[in-house]
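A.B. asks: got a predicted structure plus its sequence, pasted below:
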Number of protein chains: 2
Amino acid sequence: MITYLRHPLPLTAVTIDDRFWAPRRELVRTRTLRHQEDQMRRPGQQFDALTLTWRPGDPDEPHIFWESDVAKWIEAASYCLATTDDPELDQAVDQAIELLAGAQQDDGYLNAYFTVVKPGQRFTDLRDAHELYCAGHLIEAGVAHFEATGKTRLLDIVRRYADLIDTVFSADGPCAGGYCGHQEIELALVKLYRVTGEPRYLDLSRRLIDWRGQRPFYFEIEMERRGTPGYFGTTLPRRPEELRRFREYNQSHQPAADQAEAVGHSVRALYMYSAMTDLAGEYDDDRLLQAVRRLWTNLTTKKLYVTGGVGSVPGIEGFGPEYHLPDAHGYAETCASIGLVQWAQRLSNLTGQAHYVDVLERALYNGVLSGASADGTHYFYGNPLASDGTVARQEWFGCACCPPNLARLISELGRYIYAQGPDEAVINLYVAGTARFTLAGGEVTLRQDTGYPQDGRLTVTVTPADDEAEFALAVRVPGWSRALAVAVNGEPVHEPVLRDGYLTLSRRWRAGDQVEIDLGMEVRRTWAHPAVASAAGRLALERGPVVFCLEGVDHDCAVHNLALAGDVPVHAVPDERTGVVTLHADATAADDSVEDLYSSRPPGRRSVALTAVPYFSWANRGPSDMTVWIRHEE
Amino acid sequence: MITYLRHPLPLTAVTIDDRFWAPRRELVRTRTLRHQEDQMRRPGQQFDALTLTWRPGDPDEPHIFWESDVAKWIEAASYCLATTDDPELDQAVDQAIELLAGAQQDDGYLNAYFTVVKPGQRFTDLRDAHELYCAGHLIEAGVAHFEATGKTRLLDIVRRYADLIDTVFSADGPCAGGYCGHQEIELALVKLYRVTGEPRYLDLSRRLIDWRGQRPFYFEIEMERRGTPGYFGTTLPRRPEELRRFREYNQSHQPAADQAEAVGHSVRALYMYSAMTDLAGEYDDDRLLQAVRRLWTNLTTKKLYVTGGVGSVPGIEGFGPEYHLPDAHGYAETCASIGLVQWAQRLSNLTGQAHYVDVLERALYNGVLSGASADGTHYFYGNPLASDGTVARQEWFGCACCPPNLARLISELGRYIYAQGPDEAVINLYVAGTARFTLAGGEVTLRQDTGYPQDGRLTVTVTPADDEAEFALAVRVPGWSRALAVAVNGEPVHEPVLRDGYLTLSRRWRAGDQVEIDLGMEVRRTWAHPAVASAAGRLALERGPVVFCLEGVDHDCAVHNLALAGDVPVHAVPDERTGVVTLHADATAADDSVEDLYSSRPPGRRSVALTAVPYFSWANRGPSDMTVWIRHEE
């Protein structure tokens, strides 16, 4: 029996007044989403495309991805509206929804590209044209908007579209055996099933996963049927090795349940792994669970950047060979780290194990957050671990998947902080604010007070609705914590019990009961596996969930020339206003005042003050070189 | 007065029976040139294109570069024919020349692409279409074939073509002010002038150099005149910074004589610098000389790989910013190192300074030689300084500039070994064999006996034709030599005189006089300037002119994990059959048997036997990771 052990809280049950997160969330609502709306409102862009007025020969041909941009933006805005009154945003979302309503065809179909650019060619280019991918994001948006606002307008729209897709992709439908080249709809359909209770959506998700990778390969049948290459003009490679990689790109190389190695395009992979995890829980499918566990182990022990970045090969935006984690020339797409966060949460809620959340937190505080600038309006698509100073965030992208994806994750943060089981209230992330749990023993409100990630102390105040309630309070203890101290109502808990990585306190709680937890927050030196070439002879600095980096702007030399000895103390200095910590240490730098390009003597070294800043904050102070991996002097 | 101080010997005056070079030269003649001919004879390829039978709609549209491939192959073959009787090759060359003769138009024009693919559009796309570039290579081939064989067939063909170009590019011709987007013809025209004595060719070369970079920019005039983008569909960038780089790509951003930084596409740049050096000598033009000196200093002190590779940015096949010399993700095109060899020779002959030949030798023994496989039939386009094991030489390229370029340099080696002034015989490279000099004091034959680069000892035997001759024997002493020992007829020369880097022995030489030189051949540890990120904390091993590298195939761990202490002895072990030396030392390697991807402890280290092989020999033993820069343990 492997049904979900825990579930996230609804966003409406969570408040966040955290010094670290609240301003970031406010920035998303007040600037990022406005900025993204402005981008999509530009003439000839997303919003115009939905009017279906484009005609062949016109400029600004609608892009195959554009519904997904609008949908992710609506989803992110909905999460904001769930907890914040924002009539202007509410109205903007309603307008966008009406555009979608206007673009929907009589039979429920909703895709501007295939309506005006390639009419009559629906569902004929599943491999490349992202049709079901866009549908998936629309479905997620419809679910989010309904849950946040109670309005059914978009939910009704996407149900009609999902019903059409269910027919087309039924076992005897025209696309029987088919599935999308960019997974996304599979996890969206599970959400739609959960909010509507309609099992057809769950079954459709299951079919799409089960059909994937069966032989003969659907994308090859489709191609032959169509007689032309796909949207990107790609023809089938001839050499067996290339053909294998071609199929791996969208994880259609073998049945999902048989897969054991994270390969191909990372975002496609991670969205699929999330859906597989959902389906493993919904169907009590141990084979699917074993598959996602295998994939998780492969990804996290062989293919994960220390920043929580994944997908190290730019050319395919995807996974490389094991331990292939180049720093300056890697990739680590923002969306892939977001996908990892989503998958990790599902695994943790399904299994009750905290180590999944350790990875979630690593990605969230580093490879995800680095995706946006401090001003909330510039974005990284890739998040390299080193830069020669030429890398900068951009305002927008032709394929703008990352910006709204980041916005929706940060707006949805409340769902990641807590989880609840029948008789347990779970704290996964340390974020100041409140959460209302509905447990077997009654309704309970928890309040977190914490300066995390600046410090590792947390106070949890329990307020049962009925004055008392018996339940287990499970607080995740990060794997990096080496000095856990716990007190309940001021009484130290000696040898606190950890269950699956959670400090678990089962008792009859009374209003005002307080749990104090101190994780200890030391600066950690971290080394990568020797097979990781970019980290050879180097170390990373971490503190709590935050990975640090060196930026040239803080030093009078190139950061690759800085070296830190193994035994030198590293001091953490917090900025009391922002809570952001910088690290300081005595280090050495190579003397770069020499003339010769090549010399028979090693460069002299001089003492320098090393400053490390959180990786998430890099590239916010003008062009500057950067490195996460720091040379290690013995 | 800056006329050329020295000139190369004609190839017919030089023999090479060197253990290192003779087999490589034989391989070029017996395999590489045959293999390249086979490639070009394939249906629809270079040779077919010259029949001018291609028609629109046919497959295998002639490529804009193809005459240059044929020409470089003829040039390389001619150099072989200069010293070796090879009737089969001679006949193949004559056949190719007849193809060219057949493709030449009545007015002398000779370019298949503009004859059959774009008739009527000659000289309208100078920036992108490589028309004069191909003409330049044809001219070089014509000169080489005449000098090697005495046959005038190809020389006559290229003279007619050059005459046409001279008219078209005359001061009042239709292309007045124009020049080629890929420099090459400028240096070729100097060669044509020298062999024919016709000053119009020299003047044309001068015009093409002088017009380059004048405002308004010719390529922009041309584009406006034509009304379409160039061959590659490239339109002019709008942003000033991008426009500047766009012009720099082909070094047309400013007048050649004003240039001070090596920028843009490296091969274009280096061919131009060679022509500028030739013209500085021919015209006694100090301004041009100052320009090439500036460019040389910039290139060799800021932009030169330790292997003699140049041009570190793959996207432009060209120069990056100063000290931008990435290892695995660099470029270092084989042709660019060849261009550097050609330029360095001109500078050394013009100025009489040996340090230019130090760079020539660095490029020749490393970044050039690495371009071809041990079997002579596989090639590197780029020559990276590190590889994860996925880099392998290829049999051929769509744009196959490097393979025949390498063949012609190795076939032409005789011209690089020696130089002569009016009363001096110069040895620039240590290569066993003989050379016949025609000096003011009479004809003199020198014989070199040496095991270089395996050892640093050289015996020069002097044989004047008239029994005695007074002249200066100048033997280059490489900059890396730290233990020079010299003896004449067995008598040690104490405190030997070095003039501009040459050991200079002026005397009346008698037949049988012998000079013995020992450069000392220690293994050297070499460090790069601290601004070179890829070399931070690492060292290279060199011995004589040879740069070494580590290959995975020699070790039981990834080469990036090997570390060499500063004081550990490194032993050189020669293969007595091939003369190739490998280096051996006690080193350490990170223990890669750990499980964790990230760990709070540095990886343990174990002792390993380090083996370094010459960089030129890498990637000849199957897929293997490789690094030139070796981690340095204090």
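C.D. replies: Perfect, thanks for sending it.

A.B. asks: domains in chain A, by residue range?
C.D. replies: A:11-417, A:422-518, A:524-633 (automatic domain parsing).

A.B. asks: closest one to chain B among these?
C.D. replies: Nearest of the domains of chain A to chain B, taken as CB to the nearest CB: domain A:524-633 at 3.5 Å. (Glycine included, C-beta is placed from N, CA and C.)

A.B. asks: quote the end-to-end distance of that closest one.
C.D. replies: 16 Å (CA to CA, to the nearest Å).

A.B. asks: mean confidence for it?
C.D. replies: The average pLDDT within domain A:524-633 is 94.

A.B. asks: same question, stretch A:404-418
C.D. replies: 94.

A.B. asks: who touches A:Pro623 in this structure?
C.D. replies: A:Pro623 makes contact with A:Gly389, A:Thr390, A:Ala392, according to CB atoms under 8 Å, 6 or more residues apart in numbering or on different chains.

A.B. asks: from A:Ala619, how far out is the second one?
C.D. replies: With the distance defined as CB to CB, to the nearest Å, A:Thr390 ends up 11 Å from A:Ala619.

A.B. asks: more neighbours, those two?
C.D. replies: The neighbour count for A:Thr390 versus A:Ala619, taken as other CB atoms under 10 Å in any protein chain shown, is higher for A:Ala619 (24 against 11).

A.B. asks: gap between A:Ala487 and A:Arg476?
C.D. replies: For A:Ala487, the distance to A:Arg476 equals 18 Å [CB to CB].

A.B. asks: what about these two, which has more around it?
C.D. replies: Using other CB under 10 Å as the criterion, A:Ala487 and A:Arg476 rank with A:Arg476 on top: 27 against 15.

A.B. asks: just give the nearest non-adjacent residue to that one, would you?
C.D. replies: Using CB to CB, 6 or more residues apart in numbering or on different chains and skipping residues adjacent in sequence, the residue nearest A:Arg476 is A:Ala354, 4.5 Å away.

A.B. asks: number of nearby residues for that neighbour?
C.D. replies: Per other CB under 10 Å, the neighbour tally for A:Ala354 reads 24.

A.B. asks: residue contacts, it?
C.D. replies: Counting by CB under 8 Å, 6+ apart, A:Ala354 has contacts A:Ser348, A:Asn428, A:Arg476, A:Val477, A:Pro478, A:Gly479, A:Asp500, A:Gly501, A:Tyr502.

A.B. asks: next up, the contacts around the last one.
C.D. replies: Taking CB under 8 Å, 6+ apart, we find A:Tyr502 in contact with A:Gly352, A:Ala354, A:Val426, A:Ala474, A:Val475, A:Arg476, A:Val477.

A.B. asks: hey, what's the fifth one bridged with?
C.D. replies: Residues in a beta bridge with A:Val475, per DSSP bridges, are A:Ile427, A:Leu503.

A.B. asks: separation between it and A:Ser348?
C.D. replies: Relative to A:Ser348, A:Val475 is positioned 13 Å away (criterion: CB to CB).

A.B. asks: more neighbours, the two?
C.D. replies: Counted by other CB under 10 Å, A:Val475 and A:Ser348 do not tie: A:Ser348 has more neighbours, with 28 against 24.

A.B. asks: ramachandran coordinates for that one?
C.D. replies: When quoted as degrees, to the nearest 10, the phi and psi of A:Ser348 stand at phi -70, psi -40.

A.B. asks: can you pull out the helices in the stretch 401-550 of chain A?
C.D. replies: Secondary structure of the stretch 401-550 of chain A (DSSP state H, counting those that start in this stretch): helices at A:402-411, A:414-417.

A.B. asks: any idea which of the ones you listed is most buried?
C.D. replies: Among the helices of the stretch 401-550 of chain A, helix A:402-411 has the highest mean neighbour count (mean count of other CB atoms under 10 Å in any protein chain shown), at a mean of 28.

A.B. asks: residues touching stretch A:32-50, excluding its own?
C.D. replies: A:54, A:59-60, A:62-63, A:66-67, A:69-70, A:73, A:76-77, A:80, A:89, A:92, A:96, A:99-100, A:102-103, A:112-113, A:116, A:372, A:376-377, A:395-396, A:400, A:403-404, A:406-407.

A.B. asks: quick one: average confidence on that stretch?
C.D. replies: pLDDT averaged over stretch A:32-50 gives 94.

A.B. asks: list the buried residues for it?
C.D. replies: Residues A:32-37, A:39-40, A:45-50 are the ones in stretch A:32-50 that count as buried (16 or more other CB atoms under 10 Å in any protein chain shown).

A.B. asks: which members of the residues you listed are positioned in helices?
C.D. replies: Among the buried residues of stretch A:32-50, the ones falling in helices (DSSP state H) are A:Leu33, A:Arg34, A:His35, A:Gln36, A:Glu37, A:Gln39, A:Met40, A:Gln46, A:Phe47, A:Asp48, A:Ala49.

A.B. asks: A:Thr377: what secondary structure?
C.D. replies: Following DSSP: H, G, I helix; E, B strand; the rest coil, the label given to A:Thr377 is coil.

A.B. asks: what's around it, how many residues?
C.D. replies: For A:Thr377, the neighbour count with other CB under 10 Å is 19.

A.B. asks: show me the contacts for it.
C.D. replies: A:Arg31, A:Thr32, A:His35, A:Glu395.

A.B. asks: output the contacting helices and strands for the lowest-mean-pLDDT helix or strand in chain A.
C.D. replies: Across the helices and strands of chain A, mean confidence by mean pLDDT, DSSP states H and E is lowest for helix A:402-411: a mean of 89. Counting contacts by 3 or more CB pairs under 8 Å, 6 or more residues apart in numbering or on different chains; DSSP states H and E, helix A:402-411 packs against helix A:21-27, helix A:33-41, helix A:66-83, helix A:334-351.
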